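A.B. asks: coordinates for the following, if possible.
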Amino acid sequence: MKTAVLNIKIDPKVKKDAQKVADELGFTLSAIINASLKNLARSKTVSFSLLEPTPFLAKAIRSADADYAKGKKTVGPFRDAESMMKSLRQ
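C.D. replies: This next block holds a predicted model:
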């Protein structure tokens, strides 16, 4: 198989973290990038997933969990959008 060289500039921490994940999955970083580029060429789409919440969201989740544990009144779950909107108006 012919190969081409791709030189990119990347944050060293990002590379280190990505290399660690690739190693844990049993792949080379080159194989991961190659597969990603093949998928881009085939599907003409790019997708990203956020695996960790932002610090703001993590704090909100911890706060909600603490409120729930204390038995504080919560809202939801809702059966439909109308009941959710009614709750928001109150």
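A.B. asks: pull the number of nearby residues for Arg89.
C.D. replies: Using other Cβ atoms under 10 Å, Arg89 has 6 neighbouring residues. All C-beta atoms are positioned from the backbone trio N, CA, C, and that covers glycine.
A.B. asks: distance of it from Val5?
C.D. replies: Distance, Arg89 to Val5, using Cβ to Cβ, to the nearest Å: 60 Å.
A.B. asks: ok, then the element right after the helix or strand harbouring Asn34?
C.D. replies: Secondary structure from DSSP states H and E places Asn34 in helix 29-43. Going down the chain from helix 29-43, the next helix or strand is helix 55-69, by DSSP H and E.
A.B. asks: mean confidence for that next one?
C.D. replies: Helix 55-69 carries an average pLDDT of 90.
A.B. asks: low-confidence ranges in the protein?
C.D. replies: The chain contains residues with pLDDT under 70 at 50.
A.B. asks: and it, what are its domain boundaries?
C.D. replies: 12-43, 55-89 (automatic domain parsing).
A.B. asks: single out the most deeply packed of these.
C.D. replies: Among the domains of the chain, ranked by average contacts under mean count of other Cβ atoms under 10 Å, first place goes to domain 12-43 (a mean of 11).
A.B. asks: for that domain, measure first residue to last.
C.D. replies: Taking Cα to Cα, to the nearest Å, the first and last residues of domain 12-43 lie 29 Å apart.
A.B. asks: how much space between Ser63 and Thr74?
C.D. replies: Distance check for Ser63 against Thr74: by Cβ to Cβ, it reads 12 Å.
A.B. asks: what's the closest of the domains of the chain to Ser49?
C.D. replies: Closest to Ser49 of the domains of the chain is domain 12-43 (Cβ to Cβ; 12.7 Å).
A.B. asks: CA atoms of stretch 57-65 as CSV?
C.D. replies: Output of stretch 57-65 as CSV, limited to C-alpha atoms (Å, rounded to 0.1, in the frame of the first residue of the first chain):
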residue,chain,number,x,y,z
LEU,A,57,-22.1,21.5,33.7
ALA,A,58,-20.2,19.3,36.1
LYS,A,59,-20.9,21.8,38.9
ALA,A,60,-24.6,22.0,38.0
ILE,A,61,-24.8,18.2,38.0
ARG,A,62,-23.2,17.9,41.4
SER,A,63,-25.6,20.6,42.7
ALA,A,64,-28.6,18.8,41.3
ASP,A,65,-27.5,15.5,42.7
